[in-house]
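Novice: sequence and predicted model, in that order:
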Amino acid sequence: MDYGPLQRKLGYSFAQASLLHQALTHRSHSTANNERVEYLGDSVLNCCIAVELYQRFADLKEGELSRVRANLVRQETLAELAQELELGTYLRLGEGEMKSGGFRRPSILADGLEALVGAVFLDGGFAASQGVIRGLYAPLLDHLEPHTLGKDPKTLLQELLQARKMPLPQYAVVGTKGAAHNQQFQVACDIPQLAISTTGFGTSRRIAEQEAAQLALALTQK
């Protein structure tokens, strides 16, 4: 397979093609797979993102930096970045994984991207992997809202109302349906001072509250 397009998207050309080959080999394909290099890539990725956030956001405290970093290196984010690289096209999977669509599975894509970062580190060192990560994350980092990224709707709504010196929203379960093992909760979120009342649904009270808060948050911004 021609790995040229992938390397051009990465902005990095491997001196040791065997490392790239290993990074793209899933454990379902063979015993010589990317699990160990993925482990390494995970650590390198976390370190590089930590450095980027530290340098870009001098006003953020430790807890805030950790929250933002966790959001940037979570599986969903990594899978999206892998999709932009069309990484699934290059992954070497076992027959079963290939037939079941493993090349589209978020967990496999995320692991593959971490392995790729680890391979770059082994091939070119920390500076090379840092350059690749900066390139991959540039669109996200350039438009990052660190004070809201990774916060759930209830927290964002609470912070907004506190900033306006207003009472916190009132949540109440207004209905449930279904058997005990499969209940659907209906929760109301009321902000009388803004004449806002929304209703959320979910398989738990917490999920329903978050949905109601998200709807209320949207109304406060109109």
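Specialist: Looks like it came in fine.
Novice: hey, which helix or strand in the chain has the poorest pLDDT?
Specialist: Ranked by mean pLDDT, DSSP states H and E, the weakest helix or strand in the chain is helix 95-99, scoring a mean of 87.
Novice: show me what counts as buried in that one.
Specialist: Neighbour counts using 16 or more other C-beta atoms under 10 Å place residue 97 of helix 95-99 among the buried residues. Backbone N, C-alpha and C define where each C-beta goes, glycine included.
Novice: ok, now stretch 17-25?
Specialist: 19, 20, 21, 22, 23, 24, 25.
Novice: picking up where we left off before, which SSE is immediately downstream of the least confident helix or strand of the chain?
Specialist: Remark: after helix 95-99, the chain's next helix or strand is helix 106-124, criterion DSSP states H and E.
Novice: and the lengthiest helix in the chain, C-alpha only, in PDB?
Specialist: For the chain, the longest helix by residue count, based on DSSP state H, is helix 35-56. Taking C-alpha atoms only, helix 35-56 is exported to PDB below (Å, rounded to 0.1, in the frame of the first residue of the first chain):
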ATOM      1  CA  GLU A  35      -0.400  -2.200  21.100                       C
ATOM      2  CA  ARG A  36       3.000  -1.300  22.600                       C
ATOM      3  CA  VAL A  37       3.600   1.600  20.400                       C
ATOM      4  CA  GLU A  38       0.000   2.800  21.100                       C
ATOM      5  CA  TYR A  39       0.900   2.800  24.800                       C
ATOM      6  CA  LEU A  40       3.900   5.000  24.100                       C
ATOM      7  CA  GLY A  41       1.900   7.300  21.800                       C
ATOM      8  CA  ASP A  42      -0.700   7.800  24.500                       C
ATOM      9  CA  SER A  43       1.900   9.200  26.800                       C
ATOM     10  CA  VAL A  44       3.600  11.400  24.200                       C
ATOM     11  CA  LEU A  45       0.200  12.800  23.100                       C
ATOM     12  CA  ASN A  46      -0.800  13.700  26.600                       C
ATOM     13  CA  CYS A  47       2.600  15.400  27.200                       C
ATOM     14  CA  CYS A  48       2.400  17.400  23.900                       C
ATOM     15  CA  ILE A  49      -1.100  18.600  24.500                       C
ATOM     16  CA  ALA A  50      -0.200  19.500  28.100                       C
ATOM     17  CA  VAL A  51       2.700  21.600  26.800                       C
ATOM     18  CA  GLU A  52       0.500  23.300  24.100                       C
ATOM     19  CA  LEU A  53      -2.200  24.200  26.700                       C
ATOM     20  CA  TYR A  54       0.300  25.400  29.200                       C
ATOM     21  CA  GLN A  55       1.900  27.700  26.600                       C
ATOM     22  CA  ARG A  56      -1.300  29.000  25.100                       C
END
